[in-house]
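[1] sequence first, then the predicted structure, then my questions.
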Amino acid sequence: MADEDQEQEANEAEEGEELEAEGAEGEEAEESVKKKSDGHSAEGAAGGPSQKFIVMVMAINVVVLATVAILVWMNLSKRQTEVTLKDVKEATESASGEHGGGGGEHGGGGEASDAGEAKFIKESFTVNLADSAGSRFAKVDVEIEVADDFVREEISRLRPRIRDFIVVVLSSKTYDQIASVDGRDFLREEIRNKINGYLTKGQIKNVYFTQFIIQ
């Protein structure tokens, strides 16, 4: 009887140990599953689709900002170029006006006018005649016909030399030399040929006397 009780107690002890072992194994298994689950969650948080989406959005924003900056810079550069060209044009027109205006030593100033496609540069002169001892003088308006702006600009630059020559040649004439039509025609050709001798970019077309008064 005592032997049976001992054997039963031994069996119960053995069963208890097995249950404890099984419980420990179950806890280890649960812990292992939990660690794996936590690892997967961390990996998902670190490199999941949300992070990729954020990076993509940032890259798109950078590209858009760079494009806008380039367009703004090109627009500003274009405006600056247009303003510069406009300033150059205004400066050129102002310089041409200054060359065309102003008075001479013996007469009025010069001016440019358009007649169709032809262009005329006007100069006015009042000089004493050679044989008059100061008692006779000639008042002459000379209009120089040019074919293009290149010749016109060169004449504007050479204006002091041209005016000086015309003053000298007019004041060297006597009353008899320029009182006749033939004498005035000769004077006109003399002035035209002399001016063309000064020019390097073209030739003037003709010279006209729009006023010729001798007193």
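    Sure, I can see it. Being a predicted model, the structure only gives us computed values, none of them experimental.
[2] output the lowest mean pLDDT helix or strand found in the chain.
    Using mean pLDDT, DSSP states H and E, strand 111-115 stands out as the lowest-scoring helix or strand of the chain, at a mean of 46.
[3] next SSE after that strand?
    Proceeding N to C from strand 111-115, the next assigned helix or strand is strand 118-128, under DSSP states H and E.
[4] how far off strand 118-128 does the next helix or strand after that following strand point, in degrees?
    Where DSSP H and E defines the elements, the next helix or strand beyond strand 118-128 is strand 137-146. Counting by axes from the mean of the first three to the mean of the last three CA atoms, to 10 degrees, strand 137-146 lies at 160 degrees to strand 118-128.
[5] which strands border strand 137-146, and is each parallel or antiparallel?
    Paired neighbours of strand 137-146 in the sheet (DSSP bridges): strand 118-128 (antiparallel), strand 206-214 (antiparallel).
[6] which residues make contact with that strand from outside it?
    107, 118-129, 152, 155, 166, 170, 173, 178, 191, 195, 202, 204-215 (CB atoms under 8 Å, 6 or more residues apart in numbering). Backbone N, C-alpha and C define where each C-beta goes, glycine included.
[7] and with 7 Å instead?
    By CB atoms under 7 Å, 6 or more residues apart in numbering, the residues outside strand 137-146 that reach it are 118-129, 152, 155, 166, 170, 178, 191, 195, 204-215.
[8] for residue 209, give its distance to residue 59.
    Separation of residue 209 from residue 59 (CB to CB, to the nearest Å) stands at 80 Å.
[9] the more surrounded of the two?
    Neighbours were counted for residue 209 and for residue 59 using other CB atoms under 10 Å; residue 209 has more, 15 against 10.
[10] so who does the more buried one touch?
    Residue 209 is in contact with 140-142, 184, 188, counting by CB under 7 Å, 6+ apart.
[11] got a winner among those residues for most neighbours?
    Using other CB under 10 Å as the neighbour criterion, residue 142 leads the contacts of residue 209 with 26 neighbours.
[12] right, and residue 125 touches residue 168 too?
    No - Residue 125 is beyond contact range of residue 168, at 10.6 Å (criterion: CB atoms under 7 Å).
[13] circling back: of the contacts of strand 137-146, select the buried ones using a ChimeraX command.
    Buried residues within the contacts of strand 137-146, by 16 or more other CB atoms under 10 Å, are selected in ChimeraX with:
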select :119,120,121,122,123,124,125,126,127,129,152,155,166,170,178,191,195,204,207
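[14] before we move on, the earlier item: could you tell me the least trusted of the strands paired with strand 137-146?
    Across the strands paired with strand 137-146, strand 118-128 has the smallest mean pLDDT, namely a mean of 90.
[15] now do the same contact list for residue 213.
    By CB under 7 Å, 6+ apart, the contact set of residue 213 is 138-139.
[16] so how far is residue 189 from it?
    From residue 213 across to residue 189, the span is 21 Å (CB to CB).
[17] and what of residue 174?
    Residue 174 is 18 Å from residue 189, by CB to CB.
[18] what does residue 140 give?
    Relative to residue 189, residue 140 is positioned 15 Å away (CB to CB).
[19] what residues sit buried inside stretch 179-189?
    Across stretch 179-189, burial judged by 16+ other CB under 10 Å covers 184, 187-188.
[20] buried ones in the helix or strand containing residue 168?
    Residue 168 belongs to helix 159-171 when elements are defined using DSSP H and E. Using 16+ other CB under 10 Å as the test for burial, helix 159-171 gives 159, 162-163, 165-167, 170.
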